[in-house]
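J.: Just a sequence and a predicted model for now, questions to come.
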Amino acid sequence: MVEGNCFAFVGSSREAVSFAGPAAEKIDCAGELVLPGFVDGHVHVVMTRASPSDPSLPAHRPEWALPLEEAILHGTRESAYAAWLDHVTGAIKVGLAADMVVLDRDVFAEGPKALLETSIRLTMMDGRVSCLKRAFV
């Protein structure tokens, strides 16, 4: 749950409704993946070592690819720490800036190659939706 520009609550949908009340605006992300906002948005390259503009090209040094979870941590929490912003952003945590992205699929279930076909459905920065690709209920 977001209040102002920060996360005010993190938990299950049932707990969130109890916390916020039934009149709160809801964004249903069922079947999609919610991640903290990326400080370094090039994690698809470190996971796949493939060209995002031409996936038909062979991967460059695929043995250097990072596992999906490590790459996402690198692009969010660790990049925020490196930029001295970890007290502001980099995680979905109460009190931090409400920076997040919603992907149209769960790349953890489908694997890193799915990132090259994944669309961003919603981007939120400082609690404001800055990009919305489809209607949420």
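T.: That came through fine.

J.: List the buried residues of the top helix by length along the chain.
T.: Of all the elements of type helix in the chain, the one with the most residues (DSSP state H) is helix 13-20. Within helix 13-20, the residues scored as buried using 16 or more other C-beta atoms under 10 Å are 16, 20. No exception for glycine: its C-beta is placed from N, CA and C like everyone else's.

J.: and if you look at stretch 19-27?
T.: residue 20.

J.: Ramachandran angles for the residue nearest to the spatial centre of the chain?
T.: Of all residues in the chain, the one closest to the mean position by C-alpha atoms, centre = their mean is residue 35, 2.3 Å from it. Residue 35 adopts backbone torsions of phi -130, psi 160, taken as degrees, to the nearest 10.

J.: which outside residues touch the lowest-mean-pLDDT helix or strand in the chain?
T.: When each helix and strand of the chain is scored by mean pLDDT, DSSP states H and E, helix 43-48 comes last, with a mean of 75. Helix 43-48 is contacted by residues 50, 52, 59, 64-68, 71-72, 74-75, 112-113, 115-116 when judged by C-beta atoms under 8 Å, 6 or more residues apart in numbering.

J.: what's the closest of the residues you listed to residue 25?
T.: residue 72 (26.8 Å; C-beta to C-beta).

J.: how about the closest one, phi and psi?
T.: Backbone phi and psi, for residue 72 under degrees, to the nearest 10, turn out to be phi -70, psi -40.

J.: Then residue 76 would be within a helix, right?
T.: Yes. Under DSSP: H, G, I helix; E, B strand; the rest coil, residue 76 sits within a helix.

J.: Test my guess that it contacts residue 70.
T.: No. Counting by C-beta atoms under 8 Å, residue 76 stays clear of residue 70, with 11.1 Å between them.

J.: Can you tell me which of the contacts of helix 43-48 is closest to residue 11?
T.: Nearest member of the contacts of helix 43-48 to residue 11, counting by C-beta to C-beta, is residue 72, at 20.6 Å.

J.: show me the contacts for the closest one.
T.: 35, 43.

J.: Go again with 10 Å.
T.: 33, 35, 36, 38, 43, 46, 47, 66, 78, 107, 108, 115 (C-beta atoms under 10 Å, 6 or more residues apart in numbering).
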